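**Student:** task: produce atomic coordinates for the following.
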Amino acid sequence: MMLNLVMTRLKLSSRALSAGINFLHPYLDNDTHGHGVNFAVAGSTALPVEILAENGVIVPITNGSFSHQLDWMFTYFNGKCRNDEGFQSDDSTAYDRFHRLKDLNTLSIHHNNLLKQAIKELRQEFPNIIIVYGDYYNAYMELLRKVKLLGFDTKSTQKACCGIGGDYNFNLTKLCGAPGVPVCPNPDQYLSWGGIHLTQRAYMFMTETLLHYVYPQLLCRA
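**Tutor:** As a prediction, this is how the structure comes out:
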């Protein structure tokens, strides 16, 4: 296993160099990170080493874990990709009628088109296997179109039920579950639970929409 990982690393490194791509500098290297950054820690564990130690698992190689890497990544992204307003724009034409950024919509649509093409190729390669596409994007669009009809609060479609701060009641550095972050008294009237996941009621309606289109593709017989 270790040999395979090393060989993979060598292959990727060689291809990167041949393409003129520089190696990524470590995050803690205090480099300007002009062409990317590497958050990896050699020998890091998925769980924090403190939790492993409590369960009698000793990690002699490093005291770094996946949580450290995520912390560094969020810190880096907060400094590079966000301002105090988050993903917002002063240009009204940047939004669609649901007040969603058009550029991010286009990115999602492009991603889904590539995914559908990959599924098409897999179906051709494995004709005896049923592979279905769950159209999450359009299921969510259907939910947005029926917000009022389904009894959601039309003034809170962009806001998180569990959150704090800003127009969206969301702060990436103080997420739902953190100390001092309040929860709304009426989550069933919100679409967003914590700014990342939807509420249970919103997911319920989306699931009904997805299953309506997915079940016929499964060719199920009673």
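
**Student:** can you give me the buried ones in the host helix or strand of Thr75?
**Tutor:** Secondary structure from DSSP states H and E places Thr75 in helix 66-81. By 16 or more other Cβ atoms under 10 Å, the buried positions in helix 66-81 come out as His68, Gln69, Trp72. (Glycine included, C-beta is placed from N, CA and C.)

**Student:** ok, the spatially closest residue to the first one that is not a sequence neighbour - contacts?
**Tutor:** Right, the one you point to is His68. Leaving aside its sequence neighbours, His68 sits nearest to Val41 (Cβ to Cβ, 6 or more residues apart in numbering; 6.5 Å). Counting by Cβ atoms under 8 Å, 6 or more residues apart in numbering, Val41 touches Thr62, Gly64, Ser65, His68, Gln69.

**Student:** how close does the first one get to Trp72?
**Tutor:** Using Cβ to Cβ, to the nearest Å, one obtains 14 Å as the distance from Thr62 to Trp72.

**Student:** ditto for Asn63
**Tutor:** On the measure of Cβ to Cβ, Asn63 and Trp72 end up 14 Å apart.

**Student:** could you do Glu50 as well?
**Tutor:** Applying Cβ to Cβ, the value for Glu50 to Trp72 is 18 Å.

**Student:** again with Ile61
**Tutor:** 18 Å.

**Student:** what of Asn78?
**Tutor:** According to Cβ to Cβ, Asn78 and Trp72 sit 11 Å apart.

**Student:** most centrally placed residue in the chain?
**Tutor:** Ile196 (7.9 Å; Cα atoms, centre = their mean).

**Student:** residues touching the closest residue in space to that residue that isn't next to it in sequence, list them.
**Tutor:** Nearest residue to Ile196, sequence neighbours excluded (Cβ to Cβ, 6+ apart): Leu175, at 7.6 Å. Shown in contact with Leu175 (Cβ under 8 Å, 6+ apart): Gly163, Val181, Gly194, Gly195, Ile196.

**Student:** pLDDT score for the closest residue in space to Ala40 that isn't next to it in sequence?
**Tutor:** Excluding its sequence neighbours, the residue lying closest to Ala40 (Cβ to Cβ, 6+ apart) is Gln69, at 6.8 Å. Looking at Gln69, its pLDDT is 78.

**Student:** how about Asn4?
**Tutor:** For Asn4, the model assigns a pLDDT of 42.

**Student:** longest helix in this protein, by residue count?
**Tutor:** Longest helix of the chain, by residue count under DSSP state H: helix 102-125.

**Student:** mean confidence for it?
**Tutor:** Rounded mean pLDDT across helix 102-125 is 94.

**Student:** helices and strands around that helix, which ones?
**Tutor:** For helix 102-125, the elements it packs on are helix 136-145, judged by 3 or more Cβ pairs under 8 Å, 6 or more residues apart in numbering; DSSP states H and E.

**Student:** the helix it packs on vs helix 102-125, what angle?
**Tutor:** 140 degrees (axes from the mean of the first three to the mean of the last three Cα atoms, to 10 degrees).
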